[in-house]
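> what's the 3D shape of this:
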Amino acid sequence: MINLDELSMRIGMGQFQEITEKRLQFIKQCGADDFQMNTPLLPGKEYWVYEDLARLVKQGQEADLRLMAIENVPPSFVDKILLGKPGREKQLENMTKTIGNLARAGIPILGYTFAPAGIWRTSRDTPVRGGALSSAFNFKTVQETAPEDRAKFVMWERAAIDRIYSEEEMWENYCWYLERILPVCEEAGVRLALHPNDPPVTALGGVACLFRNFENFKRAMETFDSPMHGLNFCHGCWSEMRGGEGVLEAIQWFGQRGKIFYVHLRDVSGSAEDFTECFLGDGNCDPVQAIRALKQVGFKGFILPDHVPHMVDDTPWCHRGRAWATGYIKALITAV
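Numbers count the residues shown, from 1 in each chain. Sure thing, here's the model as predicted:
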């Protein structure tokens with residue numbers, strides 16, 4: 001397993017499901033040594049096996065890169081856990097296998113979200129600087145759309161929602177899972193990194209959004225306090241929460257306690273109920289202050305661009321947008 005404490009704050013790249021030689025080459029050319037994958041397309045139907053995970057690690061090593069984290073598992077691995085449905089015990093058993101195989105393969109971090117309704121956007125082609133295209137969210141648009149027509153807003157689905165799920169019920173489901181899975185992570189040496197709800201509104205699709213504010217993150221980290229439990233600190237989501245307010249304070253509070261495992265560095269203009277994703281430097285927050293705050297709390301993880309605008313002549317993965325953001329972040333890290 002990689003010794004994370006021996007590393008320093010650095011750039012990383014990710015947010016893709018399949019490895020190609022050219023993609024790894026591109027990551028290396030952009031100056032990164034680490035990469036992350038989001039829900040990799042692997043053949044396991046109920047859990048990930050060691051051989052498939054080890055192959056991903058080896059492919060990275062052949063390109064002189066470290067596979068530092070996998071973010072999210074397929075919805076079919078955890079949908080019953082998220083909603084407290086019958087069959088969650090079997091999914092828990094399989095998640096235990098997945099975590100053990102991550103550890104055996106040498107992948108130190110598993111990013112996770114407790115958001116059954118997934119990620120929502122009401123637009124995926126909103127113009128930003130210079131006509132680049134980005135995503136946006138407007139809660140009023142959701143409310144004015146018939147429930148049966150709202151599926152078009154879901155960018156990434158986690159579970160089939162069959163009824164209203166209250167905040168109290170979602171906390172019960174969350175605690176049931178963490179009480180059982182965190183000891184497995186502690187034994188395996190795999191860190192769990194929690195991502196916010198996106199957008200961080202009160203509820204989406206009839207499901208309460210737990211991880212929409214500082215207080216609920218603090219409750220989760222204090223209730224399940226472990227060196228193996230922390231945050232995938234999505235700067236963009238934290239910026240959404242209060243229109244840019246409170247982001248630095250969150251970095252300070254969680255960072256001082258060693259709870260920030262890695263960072264998605266993006267930003268938005270606007271707040272949770274009405275925002276547009278934008279280029280770094282054009283949004284609510286000053287990215288220089290964010291990087292400086294991370295340095296001040298002793299953050300030693302990797303920072304990746306996450307979502308980026310689609311620039312002229314770009315690819316579906318936004319190679320141009322990612323290269324621009326990666327260079328920007330790399331320069332900020334060097335500057336501080």
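> Every contact and neighbour count from this point should use C-alpha atoms.
OK.
> Can you list the buried residues in the helix ranked longest in the chain?
Counting by DSSP state H, the longest helix found in the chain is helix 167-188. By 16 or more other CA atoms under 10 Å, the buried positions in helix 167-188 come out as 170-171, 173-174, 177-178, 181-182, 184-185, 188.
> Show me the helices in this protein, by range?
Ranges of helices within the chain are 21-29, 50-62, 75-83, 88-105, 139-143, 167-188, 214-223, 235-241, 247-256, 287-296, 319-335, based on DSSP H.
> Figure out which of those helices is closest to H195.
Each of the helices of the chain has some distance to H195 by CA to CA; the shortest is helix 235-241, at 8.7 Å.
> Tell me the gap between the closest one and the middle of its chain.
12 Å (CA atoms, centre = their mean, to the nearest Å).
> Who are the packing partners of it?
For helix 235-241, the elements it packs on are helix 247-256, strand 260-264, strand 267-271, judged by 3 or more CA pairs under 8 Å, 6 or more residues apart in numbering; DSSP states H and E.
> buried residues in stretch 142-152?
Buried-residue list, stretch 142-152, by 16+ other CA under 10 Å: 142, 150.
> cool, stretch 211-222 as well?
211-214, 217, 220-221.
> Repeat that for stretch 292-307.
Applying 16+ other CA under 10 Å to stretch 292-307 flags 293-295, 297-307 as buried.
> Against G31, how distant is the residue nearest the centre of the chain?
Central residue of the chain (CA atoms, centre = their mean): H195, 4.8 Å from the mean position. Going from H195 to G31 by CA to CA, to the nearest Å gives 25 Å.
> And for T96, nearest residue in space, chain neighbours not counted?
V184 (6.5 Å; CA to CA, 6 or more residues apart in numbering).
> Can you read off the pLDDT for that neighbour?
Predicted confidence (pLDDT) for V184: 98.
> The one 4 residues further on too?
Here, the pLDDT recorded for A188 equals 97.
> which regions of the stretch 101-250 of the chain lie under the pLDDT threshold?
By pLDDT under 70, the stretch 101-250 of the chain has no low-scoring segment.
> mind putting the buried residues of helix 167-188 in a markdown table, distance to K140 included?
Below are the buried residues of helix 167-188 laid out as a markdown table (distance: CA to CA, whole Å):
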| residue | distance to K140 |
| --- | --- |
| M170 | 24 |
| W171 | 26 |
| N173 | 29 |
| Y174 | 28 |
| Y177 | 33 |
| L178 | 34 |
| I181 | 37 |
| L182 | 38 |
| V184 | 42 |
| C185 | 40 |
| A188 | 44 |
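> which among those residues gets closest to V336?
Distances from V336 to the buried residues of helix 167-188, taken by CA to CA, are shortest for C185, at 33.1 Å.
> residues touching the closest one, list them.
Neighbouring residues of C185 by CA atoms under 8 Å, 6 or more residues apart in numbering: 99, 191-192, 228.
> Check whether A115 really touches N197, as I assumed.
Yes. Taking contacts as CA atoms under 8 Å, A115 lies within contact range of N197: 6.0 Å.
> between those two, who's got more neighbours?
Under the criterion of other CA atoms under 10 Å, the comparison of A115 against N197 puts N197 first, with 28 against 25.
> Nearest spatial neighbour of that one, chain-adjacent residues omitted?
Nearest non-adjacent residue to N197 (CA to CA, 6+ apart): F211, at 5.3 Å.
> Next up, the contacts around that neighbour.
Residues in contact with F211 (CA under 8 Å, 6+ apart) are 114, 195-197, 200, 217.
> Relative to E273, which of those is nearest.
Once CA to CA is applied, the member of the contacts of F211 that ends up nearest E273 is P200, at 8.3 Å.
> Wait, the closest one touches N213, no?
Yes. With contact defined as CA under 8 Å, P200 reaches N213; the gap is 7.4 Å.
> Could you report the distance from A159 to P75?
From A159 across to P75, the span is 6 Å (CA to CA).
> before we move on, what about G131?
Note on G131: its distance to P75, by CA to CA, is 34 Å.
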